[in-house]
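# structure here, sequence nowhere to be found:
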Ligand code: UGA
Ligand code: MN
């Protein structure tokens, strides 16, 4: 979740509760899940022959993990998803719900997801416009709401739900741990905020409290990556919700499924292991490189390379804008036409 200092959070609270112009935001904070679904592409068959040295059929009895990944267009998006995909490729019986925070479908992402062979659903789930202006914005909420709606529409009462952001680091043992979830599993998340850790305090095999530097009145002061929920449990709660309330998404989601502390199943050797890390990737604006259009043809690799980068949202070549591309040989840069003509 977003760590907000109390001082930072309160002005935001004031904005959403006092300004009439933000009435629509206030009204939608707690609105029931009823998201329009925009499915871009999906696949239910698993195209992997072997997973972890065993044929796929060896895993047929395992409950499916629904791994929900909110993601959004920025230059790091495709590399983040590739890295995550190569983790998930090791995980049997997994359906990857990739919910992209943009209006339309990204065909490049369709192609990528299709290529991995993991069963997946790719949807477009843009953050409603009114929230984009709010600081801090409710990141990944529209996406997770869409995924919850998808699970609801499929009447799934079997399997396990996990919210796995696109930039975290997942230990493969996490997946075997959460697969056993009866109701709600919890476990520590590394690299969260001031303590570099957030998670349950466990005594005699029971969760008795929480260690997290940002409490702010939260009954469940845990990170989004710090819990998993069984769908047989969740399906008993028709009011499951994740409101657009930055910092409180986890807490309000877990409240919406009626969680009680004694029900929590501590995982990872009674929460002594760290199986997921809240790594963060530096975020930069996509690059513009000045490289004349007339050289973006088959005479060199550069045309194809920059067309690919543009589809990935990483960089683009321009005739007129951006940093002039330096092309060199033997330590000496020359004009573009010297190499490309
Ligand atoms: C922390 C928590 O780990 C997230 O689970 C929580 O959603 C987030 O705070 C929050 O409450 O804002 P953090 O690393 O601070 O995560 O946030 P990001 O990784 O930037 O965003 C969380 C997820 O939402 C990511 O998967 C990201 O791809 C996605 N996101 C982010 C969007 O879909 N749209 C955005 O505009 C920004
Ligand atoms: Mn993150």
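Perfect, I can see it now. Values in this document were obtained by computation on a predicted structure and should not be read as measured data. Ligands and ions are numbered 1, 2, ... in the order given.

# burial count for the closest residue in space to residue 194 that isn't next to it in sequence?
Leaving out its chain neighbours, the residue that sits closest to residue 194 by CB to CB, 6 or more residues apart in numbering is residue 213, at 4.0 Å. All C-beta spots, glycine's among them, are computed from the backbone N, C-alpha and C. By the criterion of other CB atoms under 10 Å, residue 213 has 13 neighbours.

# give me the phi and psi for residue 213.
Dihedral pair for residue 213: phi -80, psi -10, per degrees, to the nearest 10.

# again with residue 106
Dihedral angles (degrees, to the nearest 10) for residue 106: phi -100, psi 110.

# neighbours of it, how many?
Count around residue 106 with other CB under 10 Å applied: 22.

# go on, residue 291?
By the criterion of other CB under 10 Å, residue 291 has 22 neighbours.

# equivalent analysis for residue 337, please.
Counted with other CB under 10 Å, residue 337 comes out at 10.

# cool, and residue 196?
13.

# quick one, strands of the stretch 51-200 of the chain?
For the stretch 51-200 of the chain, applying DSSP state E, counting those that start in this stretch gives strands covering 54-55, 65-71, 94-100, 120-124, 160-163, 169-170, 184-186, 189-190, 197-203.

# closest one to ligand 1 among these?
Nearest to ligand 1, of all these, is strand 65-71, at 3.9 Å by CB to the nearest ligand atom.

# now do the closest one: which elements does it pack against?
The helices and strands touching strand 65-71, judged by 3 or more CB pairs under 8 Å, 6 or more residues apart in numbering; DSSP states H and E, are helix 77-88, strand 94-100, helix 141-153, strand 160-163.

# distance from that strand to the middle of the chain?
Relative to the centre of its chain, strand 65-71 is centred 6 Å away, using CA atoms, centre = their mean, to the nearest Å.

# now the helices and strands packed on strand 65-71 in CSV, with distance to residue 49, mean pLDDT and mean neighbour count?
CSV is the format used below for those (distance: least, CB to CB, whole Å; pLDDT from 0 to 100; neighbours: other CB atoms under 10 Å):
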stretch, distance to residue 49, mean pLDDT, mean neighbour count
helix 77-88, 16, 98, 18
strand 94-100, 15, 98, 26
helix 141-153, 27, 97, 22
strand 160-163, 24, 98, 26
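
# need the pLDDT of the residue of the stretch 101-250 of the chain found nearest ligand 2.
Closest to ligand 2 within the stretch 101-250 of the chain is residue 167: 4.2 Å, counting by CB to the ion. Here, the pLDDT recorded for residue 167 equals 98.

# do residue 36 as well
pLDDT, read off for residue 36, is 88.

# tell me, how many residues neighbour it?
Residue 36 has 8 nearby residues by other CB under 10 Å.

# distance of it relative to residue 241?
16 Å (CB to CB, to the nearest Å).

# same thing with residue 110?
From residue 110 to residue 241 the distance is 29 Å (CB to CB).

# what of residue 131?
16 Å.

# again with residue 225
Taking CB to CB, one finds residue 225 at 19 Å from residue 241.

# of these two, who's got more company?
residue 225 (26 against 18).

# just the helices in this protein please.
Counting by DSSP state H, the chain has helices at residues 6-18, 23-29, 77-88, 107-116, 129-132, 141-153, 173-178, 231-234, 249-256, 268-271, 302-311, 336-340.

# let's test this: mean pLDDT of the first one, rounded?
What it means is helix 6-18. The model assigns helix 6-18 a mean pLDDT of 32.

# before we move on, what about the second one?
Per-residue pLDDT over helix 23-29 has a mean of 44.

# what of the fourth one?
Regarding helix 107-116, the rounded mean pLDDT is 97.

# how far is it from where the chain is centred?
Distance of helix 107-116 from its chain centroid, counting by CA atoms, centre = their mean, is 16 Å.

# list the contacts of residue 163.
Residue 163 makes contact with 68, 70, 144, 224, 225, according to CB atoms under 8 Å, 6 or more residues apart in numbering.

# and if you look at residue 142?
Counting by CB under 8 Å, 6+ apart, the residues that residue 142 touches are 35, 99, 101, 125, 126, 127, 128, 131, 244.

# restrict these to contacts with ligand 1.
101, 127 (CB under 6 Å from any ligand atom).
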